[in-house]
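Asker: okay, structure incoming, though there's no sequence with it:
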């Protein structure tokens, strides 16, 4: 039996117990690229079809990024917070964290129920409110620090409470 198939059979045996949480310790170890792709799809299918939460220990970061929703969201949020004062571009942000635009959009939506831009706006408002409460900066200065060229846009968003 091919090694990759053997590993999938082992995973299927673990799933026979219908666990809510499945702990996988380096499930891709020793696999070639094609076997890793097959196993990744299999793990994602398990999560989608059975709702099984999967905790994964894996040294291949490409695999981790491909199948982990929360890792992508954490990396994206970290990137956005460090670049709040800049113009936002979904494609550039996805590239900066090593994923595709489509994957980023899908993962942010799955975990937070937002678009990437929606999360950026939420983080900008959070930072603007913090600066307003803790500094003597004008709204114009705050707007520039959180990526709004137009302070009126920021004022309107803050009034709406979004």
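Answerer: Received it, and whenever you're ready, just let me know what you need. Nothing here was measured: the structure is a model prediction, and the numbers come from that model. Numbering: from 1, shown residues only.

Asker: worst-scoring helix or strand of the protein, pLDDT-wise?
Answerer: In the chain, no helix or strand scores lower on mean pLDDT, DSSP states H and E than helix 61-67, which sits at a mean of 76.

Asker: return the distance of stretch 89-101 from the chain's centre.
Answerer: Centroid separation for stretch 89-101 versus its chain: 11 Å, with CA atoms, centre = their mean, to the nearest Å.

Asker: could you do stretch 84-97 as well?
Answerer: 13 Å.

Asker: just stretch 93-112 next, same as before
Answerer: The answer for stretch 93-112 is 6 Å, by CA atoms, centre = their mean.

Asker: on that earlier part again, what residues of the least confident helix or strand of the chain count as buried?
Answerer: For helix 61-67, the neighbour count (16 or more other CB atoms under 10 Å) marks 63-67 as buried. C-beta here means a position set from N, CA and C on the backbone, and glycine is covered the same way.

Asker: for it, packing partners?
Answerer: helix 33-50, helix 69-82 (3 or more CB pairs under 8 Å, 6 or more residues apart in numbering; DSSP states H and E).

Asker: secondary structure element for residue 109?
Answerer: Per DSSP states H and E, residue 109 falls inside helix 101-112.

Asker: quick one, that helix and helix 69-82 angle?
Answerer: Here helix 101-112 runs at 100 degrees with respect to helix 69-82, directions being taken by axes from the mean of the first three to the mean of the last three CA atoms, to 10 degrees.
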